[in-house]
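J.: The following comprises the amino acid sequence and a computationally predicted model.
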Amino acid sequence: MTTKKYEIILKYVRDMSVEIPNAEVFVVSKEFITKYSLGINITTNSLKNDMIEVITKLTYKDPSNNKKKCSFEIQYSTVIKILDKSLKKEDLEKIILCDVQNEIYSELERIFLGIIRDSGFPDLKLEKKINFEELYQRRLN
């Protein structure tokens, strides 16, 4: 039996942004929204009492140089408490970059897609699932 190394204390939407400059851009973007790319960035803030705020930022935007484009962004904050005081730095990195992300990502994706859908893009689905273990391993190599 393995003891849990951390626990999630709370989760919340820290910030979100939808930028649709005007109706013309909206019409053009509706046609090209499936060509947009999803970006992810994970940062942390140390808190008191062995707690860490993990901020997962998703961006969804047009990777081209097209001037007429929309952009969508969400920052999702997860506060975790470290239960195992003997964790090595590598173990903590894996918890933040893999374990926490695997626990929160389906909820984060649901919220993010809801924001995009409610902004006027009801048919959008993210086809590719993020494999956090693979991203972590690639980062190490």
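T.: Sure, I can see it. Numbers count the residues shown, from 1 in each chain.

J.: I'd guessed residue 17 sits against residue 71; true?
T.: Yes. Counting by Cβ atoms under 8 Å, residue 71 is a contact partner of residue 17 at 7.4 Å. For the C-beta atoms, the positions are set from N, CA and C on the backbone; glycine is no exception.

J.: of these two, who's got more company?
T.: For residue 17 versus residue 71, neighbours defined as other Cβ atoms under 10 Å are more numerous around residue 71 (15 against 11).

J.: centre of the chain versus the longest helix seen in the chain, how much separation?
T.: Across the chain, the longest stretch assigned as helix under DSSP state H is helix 100-118. How far helix 100-118 lies from its chain's middle: 8 Å, per Cα atoms, centre = their mean, to the nearest Å.

J.: For it, list every residue counted as buried.
T.: 100, 101, 104, 105, 108, 109, 112, 113, 115, 116 (16 or more other Cβ atoms under 10 Å).
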